[in-house]
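**Student:** give me a 3D structure for the following:
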Amino acid sequence: MSIINDLKEIITPYVDDKTALENISENTDFLTDLKINSANLVDIVLDIEEKFGITIDDASMNKMLTVKATIAVIEEKLAENAG
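**Tutor:** Next up is the predicted model:
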């Protein structure tokens, strides 16, 4: 399963616009496209940490506004853990 599918599963409970969710891509912005508020973004980051067994610092969390940026952070943290 790809990271984007895992992400979609994680963010589904926080998205009211299911059409936007179905059209999710690397360019999807959590705040503007999916209308996720900043409090829910924190919940999503916590869910991502739990799902992937990683720790996301504040600097990384601040980058996680699009699907592409979030995948990059997840891959970076997974690589750090593997090393």
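**Student:** drop to CA atoms for contacts and neighbour counts, all remaining ones
**Tutor:** Fine.
**Student:** could you give the mean pLDDT of stretch 5-25?
**Tutor:** Stretch 5-25 shows a mean pLDDT of 93.
**Student:** do stretch 31-39 as well
**Tutor:** Mean predicted confidence for stretch 31-39 is 94.
**Student:** find the residue at the geometric middle of this structure.
**Tutor:** Taking C-alpha atoms, centre = their mean as the criterion, residue 70 is the residue nearest the geometric centre of the chain, at 4.9 Å.
**Student:** my read is that that residue contacts residue 64, right?
**Tutor:** Yes - with contact defined as C-alpha atoms under 8 Å, residue 70 counts as touching residue 64 (4.6 Å).
**Student:** wait, what's in contact with the residue nearest to the centre of the chain?
**Tutor:** Contact partners of residue 70, counting by C-alpha atoms under 8 Å, 6 or more residues apart in numbering, are 63-64.
**Student:** so where does it fall, helix or strand?
**Tutor:** helix 67-82 (DSSP states H and E).
**Student:** send over that helix as PDB, restricted to the C-alpha atoms.
**Tutor:** These are the backbone C-alpha positions of helix 67-82, laid out as PDB (Å, rounded to 0.1, in the frame of the first residue of the first chain):
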ATOM      1  CA  VAL A  67       0.000  15.800   0.400                       C
ATOM      2  CA  LYS A  68       3.400  15.900  -1.400                       C
ATOM      3  CA  ALA A  69       5.100  17.700   1.600                       C
ATOM      4  CA  THR A  70       3.600  15.300   4.100                       C
ATOM      5  CA  ILE A  71       4.700  12.200   2.100                       C
ATOM      6  CA  ALA A  72       8.200  13.700   1.900                       C
ATOM      7  CA  VAL A  73       8.300  14.200   5.700                       C
ATOM      8  CA  ILE A  74       7.000  10.600   6.300                       C
ATOM      9  CA  GLU A  75       9.600   9.200   3.900                       C
ATOM     10  CA  GLU A  76      12.400  11.300   5.600                       C
ATOM     11  CA  LYS A  77      11.400  10.100   9.100                       C
ATOM     12  CA  LEU A  78      11.100   6.500   8.000                       C
ATOM     13  CA  ALA A  79      14.600   6.700   6.400                       C
ATOM     14  CA  GLU A  80      16.000   8.200   9.700                       C
ATOM     15  CA  ASN A  81      14.400   5.300  11.600                       C
ATOM     16  CA  ALA A  82      15.800   2.700   9.200                       C
END
